[in-house]
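A.B. asks: Structure here, sequence nowhere to be found:
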């Protein structure tokens, strides 16, 4: 009990550690939400190269510009100028209306429009592509309807049926409003949460290295010393995770079709797994600077590798291996299953098992700590 009280006192006396476990994570969580709070992409700049200069080309541009997602920002004289602007980041997409588009349409050939977008911007590229396809389909439907609205189909309904014989409807099963705030923030915050946990674990153990040395800290009770060191930080970060879930469900109104209690339990296991990984990283480096560097390299790909913004099935073998080594990837599988799918808890037991496997780096950290505790006092620093 005495050691636990001293650990809380050490935490309070270190302003940087206090920031990492109190106000800094919620502040960054709020900032991330504020960045994406609009929820829908609006008025993404797209360029146009009009080589036809006809009534049809101007009508097509009005259809594209009517989409709330994109905005025709500028007309370019040729494709080279448009491509240069897109590579320079001035626009996210480029439309090229070929010459004789109206002439070909009058001869019965639907206008063929070339569209380019920068797929390196995953979210923006997908939004631009979808908006262009929808706007082009709407424009073609109107052109075809007007063409058939005559002797072939004097009634508007018949003309529309001839123009669009097969109607398609895309209904998202999850995130029905296609709100990218819900899609990105629910993944970005856990990824940042993992970084805070691992970094704080490394820094908290580095304070013992600076204060009395690792050997004096771990002497005679290395496992107990580690547990008492990490417990206060683990409880605080678990509280941060609970606050995120409560805010997501009860304040923002995001869906949770599964069990909130099960998710909170999985968060506790995730915190412990991240601390085990952070403890092993510190004992392998035994230096604050090197430990933070290794921790940053370990945690930085969290958002990219967790399989939310990019499907894990399409990742390379190395990326999938790295993904499996990060606790947050397994937690996100559980969160998505519970929040979006409302899956039975038993279906998430494999991911829970993967999180429990992180006890292995924790045991390795305990073994290294026991070895350090047997070294002469003060010699626990890296050489």
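C.D. replies: All right, it came through fine. Only a predicted model underlies this, so the values are computations on that prediction, with no experimental measurement involved.

A.B. asks: Packing partners of the one helix or strand residue 238 maps to?
C.D. replies: If you go by DSSP states H and E, residue 238 is part of helix 222-246. Here helix 222-246 touches helix 2-13, helix 15-21, helix 24-35, helix 180-211, helix 214-218, helix 260-285, helix 359-373, going by 3 or more Cβ pairs under 8 Å, 6 or more residues apart in numbering; DSSP states H and E. Any C-beta I mention is one placed from the backbone N, CA and C, and that applies to glycine too.

A.B. asks: Enumerate the positions of the longest one that are buried.
C.D. replies: In other words, helix 180-211. 180-209 (16 or more other Cβ atoms under 10 Å).

A.B. asks: quick revisit: switch the helices and strands packed on helix 222-246 over to JSON lines; also include mean pLDDT and distance to residue 352.
C.D. replies: Shown next, in JSON lines, are these (pLDDT from 0 to 100; distance: least, Cβ to Cβ, whole Å):
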{"stretch": "helix 2-13", "mean pLDDT": "68", "distance to residue 352": "28"}
{"stretch": "helix 15-21", "mean pLDDT": "91", "distance to residue 352": "25"}
{"stretch": "helix 24-35", "mean pLDDT": "92", "distance to residue 352": "24"}
{"stretch": "helix 180-211", "mean pLDDT": "91", "distance to residue 352": "16"}
{"stretch": "helix 214-218", "mean pLDDT": "86", "distance to residue 352": "30"}
{"stretch": "helix 260-285", "mean pLDDT": "96", "distance to residue 352": "7"}
{"stretch": "helix 359-373", "mean pLDDT": "93", "distance to residue 352": "12"}
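
A.B. asks: Can you lay out those as JSON lines showing distance to residue 83?
C.D. replies: Below are those laid out as JSON lines (distance: least, Cβ to Cβ, whole Å):
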{"stretch": "helix 2-13", "distance to residue 83": "55"}
{"stretch": "helix 15-21", "distance to residue 83": "46"}
{"stretch": "helix 24-35", "distance to residue 83": "29"}
{"stretch": "helix 180-211", "distance to residue 83": "27"}
{"stretch": "helix 214-218", "distance to residue 83": "58"}
{"stretch": "helix 260-285", "distance to residue 83": "44"}
{"stretch": "helix 359-373", "distance to residue 83": "49"}
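
A.B. asks: At which residues are the helices of the stretch 51-200 of the chain located?
C.D. replies: Assigned by DSSP state H, counting those that start in this stretch, the stretch 51-200 of the chain shows helices spanning 55-66, 79-87, 101-106, 122-148, 156-163, 180-211.

A.B. asks: picking up where we left off before, nearest to residue 342, of the helices and strands packed on helix 222-246?
C.D. replies: Checking those against residue 342 by Cβ to Cβ gives helix 260-285 as the closest, at 11.3 Å.

A.B. asks: Any chance you could list what contacts the next helix or strand after that closest one?
C.D. replies: Under the assignment DSSP H and E, the closest C-terminal helix or strand after helix 260-285 is helix 288-299. With contacts defined as Cβ atoms under 8 Å, 6 or more residues apart in numbering, helix 288-299 is touched by 191, 194-195, 198-199, 202-203, 205-206, 209-210, 277-278, 281-282, 284-285, 325-326, 382.

A.B. asks: which sections of this structure are below the confidence cut-off?
C.D. replies: 1-6, 39, 108, 141-178, 376-383 (pLDDT under 70).

A.B. asks: TSV for the helices of the stretch 51-200 of the chain, including distance to residue 248?
C.D. replies: Formatted as TSV, the helices of the stretch 51-200 of the chain follow (distance: least, Cβ to Cβ, whole Å):
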stretch	distance to residue 248
helix 55-66	34
helix 79-87	36
helix 101-106	48
helix 122-148	20
helix 156-163	42
helix 180-211	7
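
A.B. asks: Of these, give the one that comes closest to residue 114.
C.D. replies: helix 79-87 (8.2 Å).

A.B. asks: Which strands and helices lie in contact with the closest one?
C.D. replies: With contacts taken as 3+ Cβ pairs under 8 Å, 6+ apart, helix 79-87 sits against strand 44-50, strand 93-97, strand 114-117.

A.B. asks: In CSV, list the ones you listed along with mean neighbour count and distance to residue 320.
C.D. replies: Putting the helices and strands packed on helix 79-87 into CSV (neighbours: other Cβ atoms under 10 Å; distance: least, Cβ to Cβ, whole Å) gives the following:
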stretch, mean neighbour count, distance to residue 320
strand 44-50, 21, 32
strand 93-97, 23, 32
strand 114-117, 18, 28
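
A.B. asks: Rebuild those strands as TSV, extending it with distance to residue 345.
C.D. replies: TSV is the format used below for the helices and strands packed on helix 79-87 (distance: least, Cβ to Cβ, whole Å):
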stretch	distance to residue 345
strand 44-50	40
strand 93-97	43
strand 114-117	41
